[in-house]
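S.K.: kindly generate the corresponding structure for this input.
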Amino acid sequence: MSSHIESERLSNSLAELDQLTNWERRPRGDMRVDLEPMRDLARRLGDPQNSFRIVHVAGTKGKGSTCALIEAGLARAGFSVGRYASPHVMHITERVSIHGRPVGEERLADALGAALSAFKDARREATDGQGATWFDILTVSALLIFRSERVEWAVLETGLGGRWDSTNIVQSDVAVITNIDLEHTEILGKTRAAIAFEKAGIIKRGATVVTLLPEADEAGAVVSARAAELGCAVRRPTVPADATIEQRNVAVAGVVLDVLGKMGVMTKGASAMSEPLGEQLLDPSTIESARLPGRLEKIAVITSHGDNAKVNVVLDGAHVPFNLAAVLSDLSQEEKYRAPCIAVMSIADDKDAAGLLSTMTRHDISIIFTTVGARSRSPEQLKTIADTLGLLSIVMIDPLEAYQEALAGATESGAWVLVTGSLYLVGIIRAA
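M.R.: Numbering: from 1, shown residues only. So this is what the prediction gives:
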């Protein structure tokens with residue numbers, strides 16, 4: 001089948017899907033409080049989630065990269081692995097990967113077709129599935145793909161929260177909670193403890209819990225209490241206080257692989273002796289293979305401004321203050337990122353704009369505010385906040401023009417460029 005026809009089939013399925021409630025695009029003030037629509041869809045499709053073993057990952061930040069590292073470790077151990085993630089940066093197929101590569105358009109279109117058909121049956125019969133959301137349909141499509149591809153392990157990233165997230169119909173071997181910070185407070189709660197309660201909803205009896213949250217921490221205490229209630233062991237990686245984002249993610253993924261090894265999961269493959277899984281699977285080349293687009297992605301751009309000068313550009317979709325602070329701190333450990341910075345930035349309406357911008361006041365950063373659609377906060381409003389914080393900024397509505405302006409300014413002044421605040425913005429710049 002030609003790629004054009006595949007693209008068209010996928011576009012048609014997505015257009016139909018977009019007519020459903022899309023939690024990612026709607027105002028975030030309300031959230032459903034049960035998983036029955038998701039369970040009904042899965043039942044109609046033969047409960048695909050029971051066909052493979054699962055590592056389930058929640059947390060405020062680092063989920064995607066941690067999932068990719070666990071996936072890479074399992075693949076290196078000889079298993080067939082699927083990974084489900086959100087959001088995507090460039091193309092929706094990135095959300096479902098098989099053996100470390102985005103699923104084909106044809107395969108995704110087939111799965112969406114089956115899921116939409118189950119949804120229509122539920123509507124006709126007026127069962128719980130009629131309340132399914134955009135994310136439910138996509139999630140059940142991913143589970144269908146994993147079953148048809150006969151994956152042995154699936155690594156599932158929650159979309160929002162945990163307790164009522166579409167992914168939470170599964171029984172996992174390991175439940176991972178990377179960290180907890182204030183995000184989506186209008187849905188998940190106003191305190192870190194309240195948010196931890198939602199994310200700890202992914203813990204199931206029989207699973208082992210892996211988290212970076214210390215037991216003495218208010219969020220860590222909630223996770224520990226939930227694990228104790230269900231009789232689950234908790235494993236905490238030890239990381240130095242000044243560990244980089246990547247070192248933390250690798251430490252979490254390494255402990256997950258250790259836990260699986262202690263459960264008796266052995267490496268496969270003809271060449272070597274079988275041995276228990278463990279953090280040794282995460283060697284430098286495996287870590288490198290797990291890098292995701294738009295997460296601390298460093299590129300050198302040859303610009304047409306001046307004598308084909310080279311500008312260091314970093315793409316990172318950080319949209320939570322503590323994550324942006326960690327990104328800037330990690331980068332400042334490298335000489336080339338100690339120069340002044342020009343940031344191209346868009347921030348969604350439901351994000352803590354003042355918090356994000358105040359983390360930038362500790363660095364030599366000027367900002368070009370832009371917009372990537374209906375859910376972006378107006379760049380003029382962002383400029384007003386920046387002014388009160390003493391940050392230099394300008395507004396350029398078109399994101400590609402804003403990026404070109406940043407490159408031109410960086411060429412002239414010897415600065416580097418950071419594209420941040422939104423993965424959608426990162427996707428637009430990356431595509432260009």
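S.K.: element containing the residue lying closest to residue 418 once chain neighbours are set aside?
M.R.: Closest residue to residue 418 apart from its sequence neighbours, by Cβ to Cβ, 6 or more residues apart in numbering: residue 343 at 4.5 Å. Just so you know, the C-beta spots here come from the backbone N, C-alpha and C atoms, and that holds for glycine as well. For residue 343, the host element (DSSP states H and E) is strand 341-345.
S.K.: now that strand: mean pLDDT?
M.R.: Averaged over strand 341-345, pLDDT sits at 98.
S.K.: swap in stretch 238-256?
M.R.: 95.
S.K.: where does the protein dip in pLDDT?
M.R.: 1-2, 20-32, 183-189, 270-272, 305-307 (pLDDT under 70).
S.K.: could you chop it up by domain?
M.R.: Segmentation of the chain into domains, based on automatic domain parsing, reads 3-289, 297-431.
S.K.: okay, now residue 323: neighbour count?
M.R.: 22 (other Cβ atoms under 10 Å).
S.K.: again but with residue 337, I slipped
M.R.: Count around residue 337 with other Cβ under 10 Å applied: 17.
S.K.: ok, residue 47 next?
M.R.: Residue 47: 13 neighbours (other Cβ under 10 Å).
S.K.: equivalent analysis for residue 43, please.
M.R.: The burial count for residue 43: 15, using other Cβ under 10 Å.
S.K.: ok, residue 288 next?
M.R.: 9.
S.K.: who are the packing partners of the host helix or strand of it?
M.R.: Here residue 288, judged by DSSP H and E, is contained in helix 284-289. If you count contacts as 3 or more Cβ pairs under 8 Å, 6 or more residues apart in numbering; DSSP states H and E, helix 284-289 packs onto helix 63-76.
S.K.: just the C-alpha atoms of the helix it packs on, please, in CSV.
M.R.: What follows is helix 63-76, C-alpha atoms only, in CSV (Å, rounded to 0.1, in the frame of the first residue of the first chain):
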residue,chain,number,x,y,z
LYS,A,63,8.4,9.9,32.4
GLY,A,64,9.0,9.9,28.7
SER,A,65,12.8,9.6,28.9
THR,A,66,12.6,7.0,31.7
CYS,A,67,10.2,4.9,29.6
ALA,A,68,12.6,5.1,26.6
LEU,A,69,15.5,3.9,28.8
ILE,A,70,13.5,1.0,30.2
GLU,A,71,12.4,0.1,26.7
ALA,A,72,16.0,0.2,25.5
GLY,A,73,17.2,-1.9,28.4
LEU,A,74,14.5,-4.6,27.8
ALA,A,75,15.3,-4.6,24.0
ARG,A,76,19.0,-5.0,24.8
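S.K.: contact partners of stretch 367-386?
M.R.: 25, 342-351, 353-354, 357, 360, 391-399, 402, 405-406, 422, 424-425, 428 (Cβ atoms under 8 Å, 6 or more residues apart in numbering).
S.K.: now do the end-to-end distance for it.
M.R.: Separation of the first and last residues of stretch 367-386 by Cα to Cα, to the nearest Å is 9 Å.
S.K.: what residues sit buried inside that stretch?
M.R.: The neighbour-count check on stretch 367-386 (16 or more other Cβ atoms under 10 Å) flags 367-372, 375-377, 379, 382-383, 385-386 as buried.
S.K.: give me the buried positions along stretch 308-315.
M.R.: 309, 311, 312, 313, 314, 315.
S.K.: now stretch 288-302, how far from the centre of its chain.
M.R.: 15 Å (Cα atoms, centre = their mean, to the nearest Å).
S.K.: so residue 235 sits right up against residue 261, yeah?
M.R.: No - using Cβ atoms under 8 Å as the test, residue 235 is too far from residue 261 to be in contact (11.9 Å).
S.K.: which one's more surrounded, these two?
M.R.: residue 261 (19 against 16).
S.K.: excluding chain neighbours, give the residue nearest to that one in space.
M.R.: Counting by Cβ to Cβ, 6+ apart, the residue nearest residue 261 is residue 276, at 3.3 Å.
S.K.: show me the beta-bridge partners of the one you found.
M.R.: residue 266 (DSSP bridges).
S.K.: show me the contacts for it.
M.R.: By Cβ under 8 Å, 6+ apart, the neighbours of residue 276 are 261, 262, 264, 265, 266, 267.
S.K.: got it, and residue 171?
M.R.: 49, 50, 54, 204, 206, 207.
S.K.: what segments of the stretch 251-400 of the chain are strands?
M.R.: 297-302, 310-316, 341-345, 365-369, 393-395 (DSSP state E, counting those that start in this stretch).
S.K.: return the member of the buried residues of stretch 367-386 nearest to residue 102.
M.R.: residue 372 (21.5 Å; Cβ to Cβ).
S.K.: what's the separation between that closest one and residue 345?
M.R.: According to Cβ to Cβ, to the nearest Å, residue 372 stands 10 Å off from residue 345.
S.K.: anything in contact with each of those two?
M.R.: The contact lists of residue 372 and residue 345 share 422, 425, where a contact means Cβ under 8 Å, 6+ apart.
S.K.: please consider this matter closed, and thank you.
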